[in-house]
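Colleague: Sequence and predicted structure, then a few things I'm wondering about:
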Amino acid sequence: MPTRRSLVLRVALTALLLAALFAGLWGFKTFRDKAMGEYFASAKPPPTPVSVAEAKVESVPKYLTAIGTVVAARQVVVSPEVAGRVSRIFFESGARATEGEPLVQLSDATEQADLLALRAQARLAEINLNRARDLLRSQAGPRTTVDQNIAQLDEINARIQRTQSLIAYKLIRAPFEGDLGIRAVDLGQFVDAGAPVVTLTDLSRLHVDFTLPENTLGRLRIGQAVVIESDSAPGHAFDAQLTTIEPQVSAETRAIRARATLDNPERLLLPGMFANVRVVLPPAPERIVVPETAVDYTVYGDSVFVVREEGEAMTVERVPVTAGDRFQGRVEILKGLAAGDRVVSSGQLKLNNGAAVTLAQGDALAPPATLPSN
């Protein structure tokens, strides 16, 4: 059995060993943390490659923007003026019609028979009139007989004209040149007066109706250039002219209705389409312009990274700016920059205030290609 003295000695040795072990671990951790701190303090991240553009002074185009609706300059629903049964159809759905071209023939057999009878009566009335005039010249007949025959002949001629008008009404013609829609009648169908037969639309010339706030009235004038764009024709900008300004302001919306007119030779726009409208205003001269990608838009405000040179090294500084209108991939800066400042146009996601940067190739402020227009 171990004595009390030997047991105490063993406990003391174990405690010394544990103390030495913990002291070693603590020393190693302290050395490691110090070494890592010195390494990260001396190590610097490499400069971030970015594209840089120079803030330039340019003339900025100005517009009044609105949402519009495309309307046909001439569009009608072709309908008969009289009732009747369809006896012939001269067109196909979607065809193109010329002015005066026959579209639908309603049955006119009764009117044609009436016309033949009236013409026979007219010939008889004319014979009676000539006979009465001969008797009057030979003083063998009264003047009243001649007057009665003249009135009878005039009445018959009037009835002939009325019957001819009814016959003409039963041949439905295109009132102007345009594109036909989907046929709404079939052969043998009885149609009432005013019933739709087909739509006819002239697509060569269109209107675009839109509204603007009342405070823009002083900047509108007849003949002003208007640019029309539509999602249905991406990449196309259509030139139009302001042709009508409503002479009153809506009491409900306090807006002005206006109309622009444009030619549509390629039939790219159709009535009822949605349109983006830009009324062209005089450009604003001497404005600071940078690429649109250079501006960082946030809820806290707009800013750009401006490149600062410190000897051979370059760093960036975040500068708050006030951005204006955007146009052709660029944006005007109303406040915060001066002409000649170099701003980062791409690569901002990896930057922070004071970060080192290096220049990448390319000039982001080169003017983009002009938008095509018809």
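Modeller: In hand now; what should we look at?
Colleague: Can you pull the domain assignment for this protein?
Modeller: 48-60+284-359, 65-72+198-278, 86-190 (automatic domain parsing).
Colleague: Next, the distance between the ends of the last one.
Modeller: Using Cα to Cα, to the nearest Å, the end-to-end distance of domain 86-190 comes out at 6 Å.
Colleague: phi, psi of Ala294?
Modeller: phi -80, psi -20 (degrees, to the nearest 10).
Colleague: For it, give me the pLDDT.
Modeller: For Ala294, the pLDDT comes out at 92.
Colleague: How about the contacts made by it?
Modeller: Ala53, Val304, Phe305, Val331, Val343, Val344, Ser345, Ala364 (Cβ atoms under 8 Å, 6 or more residues apart in numbering). All C-beta spots, glycine's among them, are computed from the backbone N, C-alpha and C.
Colleague: Just the ones in strands from the residues you listed, please.
Modeller: Ala53, Val304, Phe305, Val331, Val343, Val344, Ser345 (DSSP state E).
Colleague: now the residues you listed in CSV, with distance to Gly223 and pLDDT?
Modeller: Output for those, formatted as CSV (distance: Cβ to Cβ, whole Å; pLDDT from 0 to 100):
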residue, distance to Gly223, pLDDT
Ala53, 37, 91
Val304, 39, 93
Phe305, 44, 93
Val331, 30, 93
Val343, 39, 93
Val344, 43, 92
Ser345, 39, 90
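Colleague: now those as JSON lines including distance to Arg278 and neighbour count?
Modeller: Compiled in JSON lines, the ones in strands among the contacts of Ala294 are given as follows (distance: Cβ to Cβ, whole Å; neighbours: other Cβ atoms under 10 Å):
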{"residue": "Ala53", "distance to Arg278": "25", "neighbour count": "23"}
{"residue": "Val304", "distance to Arg278": "26", "neighbour count": "26"}
{"residue": "Phe305", "distance to Arg278": "31", "neighbour count": "25"}
{"residue": "Val331", "distance to Arg278": "16", "neighbour count": "25"}
{"residue": "Val343", "distance to Arg278": "27", "neighbour count": "27"}
{"residue": "Val344", "distance to Arg278": "30", "neighbour count": "28"}
{"residue": "Ser345", "distance to Arg278": "25", "neighbour count": "24"}
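Colleague: Might one say that Glu286 is in contact with Glu332?
Modeller: No - under the criterion of Cβ atoms under 8 Å, Glu286 is not in contact with Glu332, lying 10.4 Å apart.
Colleague: more crowded one of those two?
Modeller: Glu332 (19 against 9; other Cβ atoms under 10 Å).
Colleague: Any idea what that one is bridged to?
Modeller: Val289 (DSSP bridges).
Colleague: List the residues that contact it.
Modeller: By Cβ under 8 Å, 6+ apart, Glu332 lies in contact with Val60, Ala284, Arg287, Ile288, Val289, Ala323, Gly324, Asp325.
Colleague: Please name the residues that touch the fifth one.
Modeller: The contact partners of Val289, taken as Cβ under 8 Å, 6+ apart, are Ala55, Lys56, Val57, Glu58, Val60, Arg330, Val331, Glu332, Ile333, Leu365.
Colleague: my read: the third one touches Ile333, true?
Modeller: I take that to be Val57. No - applying Cβ under 8 Å as the test, Val57 and Ile333 come out as separate, 10.5 Å apart.
Colleague: and the two? which has more neighbours close in?
Modeller: Taking other Cβ under 10 Å, Val57 and Ile333 do not tie; Ile333 has more neighbours (24 against 12).
Colleague: Isn't the more buried one up against Ala323?
Modeller: Yes - using Cβ under 8 Å, Ile333 is in contact with Ala323, at 6.2 Å.
Colleague: what sits in contact with each of these two?
Modeller: Val295.
Colleague: before we move on, the earlier item: can you list the ones in strands among the contacts of Ala294 in JSON lines and add distance to Thr65?
Modeller: Shown next, in JSON lines, are the ones in strands among the contacts of Ala294 (distance: Cβ to Cβ, whole Å):
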{"residue": "Ala53", "distance to Thr65": "26"}
{"residue": "Val304", "distance to Thr65": "25"}
{"residue": "Phe305", "distance to Thr65": "29"}
{"residue": "Val331", "distance to Thr65": "15"}
{"residue": "Val343", "distance to Thr65": "26"}
{"residue": "Val344", "distance to Thr65": "29"}
{"residue": "Ser345", "distance to Thr65": "25"}
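Colleague: Tell me the one among the residues you listed nearest to Gln121.
Modeller: Val331 (83.6 Å; Cβ to Cβ).
Colleague: Nearest residue to that closest one in space, ignoring adjacent ones along the chain?
Modeller: Glu292 (4.7 Å; Cβ to Cβ, 6 or more residues apart in numbering).
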